[in-house]
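**Student:** Whatever this is, show me its structure:
(chains A, B, C and D)
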There are 2 protein chains.
Amino acid sequence: MSSVREIAEQAGVSITTVSRALNNDNTVNPKTRERVLAVANRFGYVATVGRRNTTNLGFVYLGEQTINHPYDCAVLAGVAQGVDECRFDVVVLDLRRDKRTDETYSQFFMRKGVRGVIIRTMAESRDICRDIAKEGFPHIVISERFEDDSVCCIDCESKSDSRRAVEYLIALGHRRIAFAVHNVPDRDHNDRLEGYREALANHDLDFRDDWVFRHQYTLAGGETVMKMIASMPERPTAVYIADPMMGVGAVRMAHELGLNIPNDISIIGFDDTELRFSVYPTLTAVCQDAYTIGFEAALLLTRMIRDGAVRKGLQKSLPTFFEVHDSTGPPPAQTAPVLSLARHRAVAPRPAGARNGDGALHEKR
Amino acid sequence: MSSVREIAEQAGVSITTVSRALNNDNTVNPKTRERVLAVANRFGYVATVGRRNTTNLGFVYLGEQTINHPYDCAVLAGVAQGVDECRFDVVVLDLRRDKRTDETYSQFFMRKGVRGVIIRTMAESRDICRDIAKEGFPHIVISERFEDDSVCCIDCESKSDSRRAVEYLIALGHRRIAFAVHNVPDRDHNDRLEGYREALANHDLDFRDDWVFRHQYTLAGGETVMKMIASMPERPTAVYIADPMMGVGAVRMAHELGLNIPNDISIIGFDDTELRFSVYPTLTAVCQDAYTIGFEAALLLTRMIRDGAVRKGLQKSLPTFFEVHDSTGPPPAQTAPVLSLARHRAVAPRPAGARNGDGALHEKR
DNA sequence: AACAGTTGCTGGAACTGTTTCAATCGGCAG
DNA sequence: CTGCCGATTGAAACAGTTCCAGCAACTGTT
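**Tutor:** This is a model prediction of the structure:
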């Protein structure tokens, strides 16, 4: 549409200056720069290189830690595969690292030479997603949903399988069922809690606030939750832990406390990769496939770009699936007395000088 | 140095044709194309875009599965952080997917617009690394070492800490110590086996072939190894499992077989992320930091590019570290009788319809 | 056999954006 | 007033890509 030459004319400067302004060259006068950027934005300027459009897709993060979960890893692998169809490439971008505050998102993406972005959300980035959508830049947000249909996104609907999972526990005979999830208020969080609520309601079981736990989405978070559950006077006989890492941490802590899974307590986890197979016993879990999410996202986005305009509010939901494994069974006849952490430590003694693994796991960096 | 115009003149065609040939446009006659590419290669042609050099770094894979391990994930995170200093960006590339057989590696990389590459190796890719080095394209190979100094690489020296780990077991009183590692014949493999050998030799313990296990670098691989160890008539009292996923799988299987860690068997694992904290008991392990490997690799490569020519045979080794946790202890007074898998299954029954987690874990895709 | 249409391949020219080099402007010391 | 210096800018030269037109060879039709 518009070129540096057009912008130059409109802004009353040379193409040289336009190029410099767009590339954040610091020799250009701030006032001139602002004028140029204003025109560029008005025109919805899109950089091309020697007439050719780039074929890069941005995998956009924001935050100190870029990629730090098996989830991210699997999503990225899926994206890398998904861009294949339209022969795109993936470039990793970090908003917080690289984006200047005085440029729009579109400008930033153009400067980086990407034609569209796949956005890895966090709680704080919902507004950012909306802004990007508003600028009309091709995008797709991963694992989120938006009420308004301005933002394109893809996620997994985990409510119904969450309900199913909890109903499975009820069918096994459990009546005291706890729920745990990470403490970042995102969509997933609500979906799964809602499923839990519904299952209880469907079977005339009371929803109890003190059986709902929120903690960090880390091993340590899950460990803490399990400790809290174990120490309760009227201990739940089962728990649905709706976050992958927390589930693994909870299993660890159950072992440490001498609780047998599933004889003393049943655990249902949540998995987006293959973590459920890495613990003993293998976790019964509600699962989503992070790889497929990435793959589908890439497919949607590349097609969106190929076909021209950004489709307003393209929203897709993938199904989850519920897998029964070895961490669930009938409730115990009577709940075992609460074991102290200290007692069990004596059985599996820690060698002197051992680093305590309880602490910060993923917060390290 | 050379431009499309020069190449065009030399090859006796127009710049249009050169451009097309370099970009694999299929309208150009194969014979013409070959002629153009020959000239381009002779000139060591390097594409620039509108006079500007791109600032992308390739994160190069080869193979069906792109990124599938926590290891890759951590390395990539490190790379993403490491390129920051010189303001580069990271592009994910898959040789097997995108590279045409009739273009050189340099051509492929130039076409993708990257100035240098970080190569994630596998056993099969050693020759490829050599070829890339021979072409003089800026590169750094991750987690490998080369005898000749033509290839730039970075890795962790895991031999000495492997020795230390096995000597720690000996100090605890173990005399029958097994060793397990993945069955891909790479450098790491040798390093760790060598460390194991040395430790035995230093303490006058015999090296026994039937105590060395090689299997897939997956949970299933580790599980199999543990089954094999458990079934041995004169069972080892400790094992050093020099692969992260295998270690996790072995712990799982030990539980399943009713073997108490460390009372019945001591396990030392190998970790490159934080996996050692995800199992119970926390694994004593030789550790390398995949994040740091990626970070350092990016730093070295970007500086190499900034400073001009490719430094021949830049080779860097990072140290590993040995962490003692809860999976190691003194050997049992007498080795418990071998337990059958069936017996233990009865204790923690699998619900009907359970998917067996033993099978292919990461081979799925 | 003549003709029109199609396909494969190529090049000129026009176009994209970036950088080099020189010019201009304003301030300031001598 | 003069000369110097740094900040800012633009003309021109350059990078590579693509549109469009042309040419040649082939194919089917009349």
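
**Student:** Please make it C-alpha for all contacts and neighbour counts, starting now.
**Tutor:** OK.

**Student:** Just the helices from chain A, written as ranges.
**Tutor:** A:4-11, A:15-22, A:30-43, A:70-82, A:95-98, A:105-111, A:126-134, A:159-171, A:187-202, A:219-230, A:244-256, A:290-306, A:341-347 (DSSP state H).

**Student:** Need the ones you listed in CSV (columns: distance to B:Q10).
**Tutor:** Output for the helices of chain A, formatted as CSV (distance: least, CA to CA, whole Å):
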stretch, distance to B:Q10
helix A:4-11, 33
helix A:15-22, 32
helix A:30-43, 40
helix A:70-82, 38
helix A:95-98, 42
helix A:105-111, 35
helix A:126-134, 47
helix A:159-171, 66
helix A:187-202, 61
helix A:219-230, 63
helix A:244-256, 60
helix A:290-306, 37
helix A:341-347, 77
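
**Student:** now those as JSON lines including mean neighbour count, distance to B:H69 and mean pLDDT?
**Tutor:** Listed next are these as JSON lines, based on neighbours: other CA atoms under 10 Å in any protein chain shown; distance: least, CA to CA, whole Å; pLDDT from 0 to 100:
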{"stretch": "helix A:4-11", "mean neighbour count": "18", "distance to B:H69": "44", "mean pLDDT": "86"}
{"stretch": "helix A:15-22", "mean neighbour count": "19", "distance to B:H69": "39", "mean pLDDT": "87"}
{"stretch": "helix A:30-43", "mean neighbour count": "17", "distance to B:H69": "41", "mean pLDDT": "83"}
{"stretch": "helix A:70-82", "mean neighbour count": "25", "distance to B:H69": "8", "mean pLDDT": "88"}
{"stretch": "helix A:95-98", "mean neighbour count": "14", "distance to B:H69": "25", "mean pLDDT": "79"}
{"stretch": "helix A:105-111", "mean neighbour count": "21", "distance to B:H69": "29", "mean pLDDT": "79"}
{"stretch": "helix A:126-134", "mean neighbour count": "17", "distance to B:H69": "29", "mean pLDDT": "87"}
{"stretch": "helix A:159-171", "mean neighbour count": "22", "distance to B:H69": "27", "mean pLDDT": "97"}
{"stretch": "helix A:187-202", "mean neighbour count": "19", "distance to B:H69": "24", "mean pLDDT": "92"}
{"stretch": "helix A:219-230", "mean neighbour count": "24", "distance to B:H69": "18", "mean pLDDT": "95"}
{"stretch": "helix A:244-256", "mean neighbour count": "26", "distance to B:H69": "16", "mean pLDDT": "96"}
{"stretch": "helix A:290-306", "mean neighbour count": "23", "distance to B:H69": "13", "mean pLDDT": "89"}
{"stretch": "helix A:341-347", "mean neighbour count": "12", "distance to B:H69": "32", "mean pLDDT": "43"}
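
**Student:** Of those, which is nearest B:V91?
**Tutor:** Among the helices of chain A, the nearest to B:V91 by CA to CA is helix A:70-82 (10.1 Å).

**Student:** what does that closest one rub up against?
**Tutor:** A:59, A:67, A:89-90, A:272-273, A:290-299, B:65-70, B:72-73, B:92 (CA atoms under 8 Å, 6 or more residues apart in numbering or on different chains).

**Student:** For it, what is the distance to the chain centroid?
**Tutor:** Averaged C-alpha coordinates place helix A:70-82 at 12 Å from its chain's average position (CA atoms, centre = their mean, to the nearest Å).

**Student:** Most proximal residue of the stretch 1-150 of chain A with respect to chain B?
**Tutor:** A:V91 (4.2 Å; CA to the nearest CA).

**Student:** Quick check: chain neighbours aside, which residue is closest to that residue?
**Tutor:** Spatial nearest neighbour of A:V91, chain neighbours left out: B:V91 (4.2 Å); criterion: CA to CA, 6 or more residues apart in numbering or on different chains.

**Student:** now do A:A133
**Tutor:** That would be A:V151: by CA to CA, 6+ apart, it lies 5.5 Å from A:A133.

**Student:** likewise A:I229?
**Tutor:** A:R235 (6.3 Å).

**Student:** How many neighbouring residues does the one you found have?
**Tutor:** 19 (other CA atoms under 10 Å in any protein chain shown).

**Student:** is it true that A:L57 touches A:I119?
**Tutor:** No - using CA atoms under 8 Å, A:L57 makes no contact with A:I119, being 10.6 Å away.

**Student:** Could you check which of the two is surrounded by more residues?
**Tutor:** When A:L57 and A:I119 are compared for neighbours, A:L57 comes out ahead with 30 against 24, by other CA under 10 Å.

**Student:** and that one, what are its bridge partners?
**Tutor:** Beta-bridge partners recorded for A:L57 (DSSP bridges): A:V90, A:G116.

**Student:** One more: A:I267?
**Tutor:** With DSSP bridges as the rule, A:I267 is bridged to A:V239.

**Student:** just to revisit the earlier point, tell me which of the helices of chain A lies nearest to B:H203.
**Tutor:** Using CA to CA, these put helix A:341-347 closest to B:H203, at 30.0 Å.

**Student:** Could you pull up the residues touching the closest residue to A:R33 other than its chain neighbours?
**Tutor:** Nearest non-adjacent residue to A:R33, counting by CA to CA, 6+ apart: A:A21, 5.1 Å away. Neighbour list for A:A21: A:28, A:33, A:36-37 [criterion: CA under 8 Å, 6+ apart].
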